[in-house]
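Peer 1: Turn this into a model:
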Amino acid sequence: MTQSVALRPGTLDPPRFLQLAGHPLRWRLLRELVHSDRAVWELTQLLGEPQSLVSYHLRQLRAGELVTVHRSSADRRDSYYSVDLTRCAQLLEAVGGALHPGLWLVPGSHDESRSSDRARGRCRVLFLCTGNGARSQIAEALLERLSEGTVEGVSAGSDPKHLHPNAIRVMRKRGIDISAKRAKHLNEFASQRFDYVITLCDRVREVCPEFPARPDFVHWSIPDPGLAGSTNRASYPAFERTASELETRIRFWLHLINQPLPRRSAHG
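Peer 2: Reported below is the predicted structural model:
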């Protein structure tokens, strides 16, 4: 006679992550947002779905803490959505264990792909923001560090300013000296070849020129930390948050080099 197996309370329903990400449209939304931060109207065009439907599923993803949103600094009528990859990683690690304790994912196991990253050769990435005094300089330095030199990062701005002292401080805290860097105009690189162009500022995204070799355009909507306080002391916490966010984004983004999403011919 076959014995029945009593399931523990709470194990009948799939984990929340599977319920959210398992919906076909929400999965497509997540895949688009992994590639680049997007506004609702962009997602509507890319997915070919009504705005009301896209907005509804974005609210579901926000409620599940898989997606975040903030107002555009270029056009306050727009909002940019982005995937919280750290949160997704935490939830994914728990999904396997919810089915069987032997299926827990091992945190950090994705780092094994680094060896194949090296085999791809050195690609070039251009980070852009408005002043090239903080966000893009931090991103350039972090990319070189996190890729262990296998990816070349450069940075520029649409309206170059001086290198912000707090950008130097937050990078020095991470053992990286960028004090000798200078702010550069994006026109210096207009004729150069890049594999990826990553805009970090909502404003510079609107004025980003075309580049040779049709690089993959990516947008990360990151507020200017220099606007967070009237003094260097007051704005420092915003620079620390910016550096931490860029560190997380770049660390995850490096894995897309091995298995990139389909390249796009248009910006972002």
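Peer 1: residues of whichever strand or helix holds residue 26 that come out buried?
Peer 2: Using DSSP states H and E, residue 26 sits within helix 24-35. With burial defined by 16 or more other Cβ atoms under 10 Å, the residues of helix 24-35 counted as buried are 26, 28-30, 32-33, 35. No exception for glycine: its C-beta is placed from N, CA and C like everyone else's.
Peer 1: And these, which is closest to residue 45?
Peer 2: Proximity of those to residue 45 (Cβ to Cβ) peaks at residue 32, which lies at 10.5 Å.
Peer 1: ok, now which ones touch that closest one?
Peer 2: Going by Cβ atoms under 8 Å, 6 or more residues apart in numbering, residue 32 touches 38, 43, 46-47.
Peer 1: Of those residues, which is the most crowded?
Peer 2: residue 38 (23 neighbours; other Cβ atoms under 10 Å).
Peer 1: Check what contacts the helix or strand hosting residue 250 and list those residues.
Peer 2: Using DSSP H and E, residue 250 maps to helix 232-253. Contacts to helix 232-253, defined as Cβ under 8 Å, 6+ apart, come from residues 85-86, 134-135, 138-139, 142-143, 146, 164-167, 169-171, 174, 200, 218, 220, 222-223, 225-229.
Peer 1: Take it, keep the C-alpha atoms, and write them as CSV.
Peer 2: Below are the C-alpha coordinates for helix 232-253, written out as CSV (Å, rounded to 0.1, in the frame of the first residue of the first chain):
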residue,chain,number,x,y,z
ASN,A,232,30.9,68.0,0.5
ARG,A,233,30.2,66.7,4.0
ALA,A,234,26.4,66.8,3.5
SER,A,235,26.5,65.1,0.1
TYR,A,236,29.1,62.3,1.0
PRO,A,237,26.5,59.7,1.9
ALA,A,238,24.9,60.1,-1.5
PHE,A,239,28.3,59.4,-3.1
GLU,A,240,28.7,56.3,-1.0
ARG,A,241,25.2,55.1,-2.1
THR,A,242,26.1,55.8,-5.7
ALA,A,243,29.4,53.9,-5.5
SER,A,244,27.6,51.0,-3.9
GLU,A,245,24.9,50.9,-6.5
LEU,A,246,27.4,51.1,-9.4
GLU,A,247,29.5,48.3,-7.8
THR,A,248,26.4,46.1,-7.6
ARG,A,249,25.3,46.9,-11.2
ILE,A,250,28.7,46.4,-12.7
ARG,A,251,29.3,43.2,-10.8
PHE,A,252,26.0,41.7,-12.2
TRP,A,253,26.5,43.3,-15.7
